[in-house]
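In: next one to model:
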Amino acid sequence: MLLLHDDVHTPVCGRKTSFHPAIPAEQNDGHSGSAAGYRIITSAQDPACSRLPTGVSSRSLPEFAPLPAELSSFFIHLSDAPPKREGRWSRAAGLLLCAASAVLISISSTLVKVTAGKTSVFYVLLARGVTELLVGSVCLVMQMVVERRWISPFGPADVRHLLVARAVCGSVGVGLFFFCISQLPLGDASAAFFTTPIFTAVLATFVLGEPWTAMCTLAALCSLAGVVCIAQPEVLFRHDGIQPHGSIAGSATPVVASRVVAVLLALAGALEGGIAFTLVRCIGPRVRPVVHVLFINTSIILISLVLIATLAPHDHGHVSSSGGIGLFGWLAAVGVVGFASHWCLNRGLQIGQAGPGAFVINLDVAFAYVIQVCVLGRALDQWSLCGALLIVAAASMMVVQKMHGRTEGRDG
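Out: Numbering: from 1, shown residues only. Model prediction:
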């Protein structure tokens, strides 16, 4: 708050409003006079208030004096007034955007699943990187035009090495997730990859010094039990190996990994994602989100090109003989839907509350299982469903703990 004295025009800055005496002490009979002709100034030392005359220099004033009786209740009312709450539609819009993000993530995973039957999953990864890099570059240029200043796509020099490390870890995690989608039922792959919050909590404890609580331990145990239910190792379950859906069997991306190996690869991808998230927290708000997008998708392009050159040099894809949308349309859709899901997620968390938004994002796993049954025609496995519920419960525990920690921080 900044106000000026009428005569000397001396700015007085502080955090709490106060009045200084309008009348010398010997003339102040204790009766409150009119507030006309006085100016509110600020004082950081005390919340008490007094009156300020328009003809007295602020340098000759005492630090504070009692507030006149007729004004005290008015200013107490102002100080105690609750902050203006967001409208119902604003809060609903944030949750709706988070829900839209969950739906789009499930759709993107389905597109990866279907496109992996038409060409190598490495080409799908390349298409995702190229599409999001182009869209992100356009967004960066538009942001520079709107703000009328240069925004470096390389980020600050002092954190550039962290940006590179975050991009490499994030791109490896995305690549492993795409591969596991081609090897596992869609719902199982999504649920196994949803263990990322647990890995992030573990890394934050060792790297960032965040506390490891009993809630973290319970969430970790729930995630471990959920992963075991999804992986269904032969030691504990009678399982003949992974049974792929017919849409990808014998296709350009055949099933080459056992169920346990595929789940372990999904966990490795979740670990890479946890490392990437921890690095983002180390970098902090110094780097714009669009710069993160450019870095990670550049890394995705480079990694996918290396994988294509070494593991699938002669696979140029083929269009399904059933007609319909072409291969390049499927590939472009993967990138566009992926970018849209990220935008909805970031925007939803910005205008809404992060805690409820994180709960809504958990719907991604549920949507994945619905699509698996209704679109891909793959029946649900009771153990897989149980494992998914345990993993979602573990992620929800982490959200509750984070919300509780923030509430305590504000109260303290």
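
In: ok, now how distant is the closest residue in space to residue 186 that isn't next to it in sequence from residue 280?
Out: Leaving aside its sequence neighbours, residue 186 sits nearest to residue 372 (C-beta to C-beta, 6 or more residues apart in numbering; 4.5 Å). (Each C-beta comes from the backbone N, C-alpha and C, glycine too.) Per C-beta to C-beta, to the nearest Å, residue 372 is found 30 Å from residue 280.

In: quick one, which of these two is more surrounded?
Out: Using other C-beta atoms under 10 Å as the criterion, residue 372 and residue 280 rank with residue 372 on top: 25 against 17.

In: what helix or strand is the more buried one located in?
Out: In this assignment (DSSP states H and E), residue 372 forms part of helix 363-374.

In: okay, now the domains of the chain?
Out: 2-80, 93-411 (automatic domain parsing).

In: ok, of the ones you listed, where does mean pLDDT dip lowest?
Out: Across these, domain 2-80 has the smallest mean pLDDT, namely a mean of 45.

In: which parts of the host helix or strand of residue 224 are buried?
Out: In this assignment (DSSP H and E), residue 224 forms part of helix 214-231. By 16 or more other C-beta atoms under 10 Å, the buried positions in helix 214-231 come out as 215-216, 219-220, 222-223, 225-231.

In: show me which of the residues you listed is closest to residue 259.
Out: Among the buried residues of helix 214-231, residue 231 lies closest to residue 259 (C-beta to C-beta), at 6.3 Å.

In: quick one: contacts for the closest one?
Out: By C-beta atoms under 8 Å, 6 or more residues apart in numbering, residue 231 lies in contact with 192, 259, 260, 263, 264.

In: with adjacent residues omitted, what lies nearest to the first one?
Out: Put plainly, it is residue 192. residue 266 (3.7 Å).

In: give me every residue that touches the one you found.
Out: Shown in contact with residue 266 (C-beta under 8 Å, 6+ apart): 176, 177, 180, 184, 189, 192, 193.

In: number of residues surrounding the last one?
Out: So the one you mean is residue 193. When neighbours are counted by other C-beta under 10 Å, residue 193 comes out with 27.

In: so it touches residue 269, yeah?
Out: Yes - under the criterion of C-beta atoms under 8 Å, residue 193 makes contact with residue 269 at 5.9 Å.

In: report the set of residues contacting both of those two.
Out: 177, 180.

In: element containing residue 265, please.
Out: Going by DSSP H and E, residue 265 is in helix 259-283.

In: return the set of buried residues in that helix.
Out: 259-260, 262-267, 269-280, 283.

In: report the angle between the following helix or strand past it and helix 259-283.
Out: Proceeding N to C from helix 259-283, the next assigned helix or strand is helix 289-311, under DSSP H and E. In terms of direction (axes from the mean of the first three to the mean of the last three C-alpha atoms, to 10 degrees), helix 289-311 departs from helix 259-283 by 150 degrees.

In: from the contact counts, what lies against helix 289-311?
Out: Here helix 289-311 touches helix 121-147, helix 160-183, going by 3 or more C-beta pairs under 8 Å, 6 or more residues apart in numbering; DSSP states H and E.

In: out of these, which one sits most buried?
Out: helix 160-183 (a mean of 22; mean count of other C-beta atoms under 10 Å).

In: need the CA coordinates for it. PDB is fine.
Out: Extracted in PDB, the C-alpha atoms of helix 160-183 (Å, rounded to 0.1, in the frame of the first residue of the first chain):
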ATOM      1  CA  ARG A 160      20.900 -25.800 -19.100                       C
ATOM      2  CA  HIS A 161      22.600 -29.000 -18.000                       C
ATOM      3  CA  LEU A 162      19.500 -29.800 -15.900                       C
ATOM      4  CA  LEU A 163      17.300 -29.100 -18.800                       C
ATOM      5  CA  VAL A 164      19.200 -31.600 -20.900                       C
ATOM      6  CA  ALA A 165      19.100 -34.200 -18.200                       C
ATOM      7  CA  ARG A 166      15.400 -33.700 -17.700                       C
ATOM      8  CA  ALA A 167      14.800 -34.000 -21.400                       C
ATOM      9  CA  VAL A 168      16.800 -37.200 -21.700                       C
ATOM     10  CA  CYS A 169      15.000 -38.800 -18.700                       C
ATOM     11  CA  GLY A 170      11.600 -37.700 -19.900                       C
ATOM     12  CA  SER A 171      12.100 -38.900 -23.400                       C
ATOM     13  CA  VAL A 172      13.400 -42.300 -22.300                       C
ATOM     14  CA  GLY A 173      10.300 -42.600 -20.000                       C
ATOM     15  CA  VAL A 174       7.900 -41.700 -22.900                       C
ATOM     16  CA  GLY A 175       9.700 -44.200 -25.200                       C
ATOM     17  CA  LEU A 176       9.400 -47.000 -22.600                       C
ATOM     18  CA  PHE A 177       5.700 -46.200 -22.100                       C
ATOM     19  CA  PHE A 178       5.000 -46.300 -25.800                       C
ATOM     20  CA  PHE A 179       6.800 -49.700 -26.100                       C
ATOM     21  CA  CYS A 180       4.900 -51.100 -23.100                       C
ATOM     22  CA  ILE A 181       1.600 -50.000 -24.600                       C
ATOM     23  CA  SER A 182       2.400 -52.200 -27.600                       C
ATOM     24  CA  GLN A 183       3.300 -55.100 -25.400                       C
END
